[in-house]
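1. fold the following for me, if possible:
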Amino acid sequence: MTGVLVSGNIVLDTLVRPVEQIRWGASIWVESIERSLGGNGANTAYTLGLLGVPTRLLGMVGNDEPGGYLLAALASAGVDTRGVTRSKGLSAGTVALVKSDGERMFLHQPGASLEVFAEPIEFTSDLIAGASYYHLGSPFALPRQRSHVAETLRRARAAGLITAVDTQWDSRGKWMEDFAAALPYIDILFMNQDESRMLTGHAGPASAARAVRGEGVRWAVMKLSGQGCAVFGPGTEAWAPAFDVPVLDTTGAGDCFAGAYLAMLARGGTHPEAARFANGVAALAIQKLGAVAGLLPFEETLQRIAGMALKPG
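-> I've put the predicted structure just below:
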């Protein structure tokens, strides 16, 4: 089994459910207020670690109690956190307001995310020891990273790593303006339908995948929400339907999907096998409150997936 080096943000999530609407000047009674590990880098690394893949995370948390909580949560899944530095300031935090159908609204305090990755990552032999993959949690979530995403991925490739990127949402709306230069250095690009439309102008999964592959991406993995996912790569077009499960909270499901996909590849699986497995892990994630509360170790995950029905049609 090969290892995965992950970089991205690390966030303390506070999840409030259910919240159907905001009424200023009123009290809203809810069923649960819970805190959880969050952030694209942290969620993906946790998923990989819990699934038994050697995983090292690069990022930053604050020198505060939430920072200690986040590091302990990652360590509980076997994630190597020696590459996580401590800021003198606060850890990043998000309040997620979750509707009864699983949809969310986020209130985000970036905290340490404003400081991390001021320079491109140096992929030293010590840093990448045991790793065959480098996964970038988002090209847009960390402000100081945006200007050198392409250089970081170029360095990862030069170090012999297979590169993967989860697109995520660009709150600044620059999309290809900031990201186009990175595409030739990406082996695996994860996109959902909204992200692919903003990046390429194409709504259809196949046409969006064709657009990014034309710019140098080797494998385009399209996350299709309740419809599952589709994979487009050299000589491959595979569609994997979603599993039919009740939805409690979709927070972090895309991060868990990416982690599960890479976990199956790291274990020697094919891309179509990784697509089905990632759908199953995401299905487990959305049945619990919080990004990673529903996740299970590898063998238990396989057993649960085997017992889940696919969505009809």
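
2. so residue 120 touches residue 147, yeah?
-> No. Assessed by CB atoms under 8 Å, residue 120 is found out of contact with residue 147, at 9.3 Å. Heads up, the C-betas are built off the backbone N, CA and C, glycines and all.

3. higher neighbour count, the two?
-> Using other CB atoms under 10 Å as the criterion, residue 120 and residue 147 rank with residue 120 on top: 17 against 11.

4. who touches the more buried one in this structure?
-> Contact partners of residue 120, counting by CB atoms under 8 Å, 6 or more residues apart in numbering, are 148, 151, 152, 155.

5. sort out for me which of those are in helices.
-> 151, 152, 155 (DSSP state H).

6. pretty sure the second one is touching residue 122, no?
-> No. Using CB under 8 Å, residue 152 and residue 122 do not qualify as a contacting pair, with a distance of 9.5 Å.

7. neighbour count winner among those two?
-> residue 152 (23 against 9).

8. next, give phi and psi for the nearest residue to the more buried one once chain neighbours are set aside.
-> What sits nearest to residue 152 in space, not counting adjacent residues and going by CB to CB, 6 or more residues apart in numbering, is residue 120, at 4.5 Å. With angles defined as degrees, to the nearest 10, residue 120 sits at phi -60, psi 150.

9. mind checking pLDDT for residue 120?
-> If you check residue 120, the pLDDT there is 97.

10. now do residue 103
-> According to the model, residue 103 scores 84 on pLDDT.

11. contacting residues around it?
-> residue 250 are the contacts of residue 103 under CB under 8 Å, 6+ apart.

12. and for residue 193?
-> For residue 193, the contacting residues are 203, 205, 208, 222, 223, 224, 225, by CB under 8 Å, 6+ apart.

13. who touches the second one in this structure?
-> Neighbour list for residue 205: 193, 196, 222, 224, 230, 232 [criterion: CB under 8 Å, 6+ apart].

14. swap in the fourth one?
-> The contact partners of residue 222, taken as CB under 8 Å, 6+ apart, are 191, 192, 193, 196, 205, 208, 209, 229, 230, 231, 232.

15. can you check the last one too?
-> Under the criterion of CB under 8 Å, 6+ apart, the contact list for residue 225 reads 192, 193, 242.

16. how many neighbouring residues does the first one have?
-> One way to gauge burial is a neighbour count; for residue 192, by other CB under 10 Å, it gives 20.

17. now it: how far from residue 4?
-> Using CB to CB, to the nearest Å, residue 192 is found at 21 Å from residue 4.

18. residue 261 versus the residue nearest to residue 152, what's the distance?
-> Taking CB to CB as the measure, residue 120 falls 25 Å from residue 261.

19. likewise residue 55?
-> 14 Å.

20. for residue 312, which non-adjacent residue is closest in space?
-> What sits nearest to residue 312 in space, not counting adjacent residues and going by CB to CB, 6+ apart, is residue 244, at 7.4 Å.

21. pull the distance from stretch 92-104 to the chain's centre.
-> 16 Å (CA atoms, centre = their mean, to the nearest Å).

22. quick check: closest non-adjacent residue to residue 185.
-> In this structure, residue 185 finds its nearest non-sequential neighbour in residue 153, 3.7 Å apart by CB to CB, 6+ apart.

23. contacting residues around the one you found?
-> Neighbours of residue 153 in contact, by CB under 8 Å, 6+ apart: 134, 136, 163, 165, 182, 185, 186.

24. at 10 Å instead, please
-> Residue 153 makes contact with 120-121, 134, 136, 139, 161, 163-165, 181-187 under the criterion CB atoms under 10 Å, 6 or more residues apart in numbering.

25. state the number of residues packed around the residue lying closest to residue 178 once chain neighbours are set aside.
-> Nearest non-adjacent residue to residue 178, counting by CB to CB, 6+ apart: residue 146, 5.4 Å away. By other CB under 10 Å, 17 other residues sit near residue 146.

26. do you know how far residue 146 is from residue 179?
-> Applying CB to CB, the value for residue 146 to residue 179 is 9 Å.

27. so what sits against both of these two?
-> Counting by CB under 10 Å, 6+ apart, the common neighbours of residue 146 and residue 179 are 139, 140, 170.

28. buried residues in the lowest-mean-pLDDT helix or strand in the chain?
-> Lowest mean confidence among the helices and strands of the chain (mean pLDDT, DSSP states H and E): strand 104-109, at a mean of 92. Of all the residues in strand 104-109, those buried under the rule 16 or more other CB atoms under 10 Å are 104, 108.
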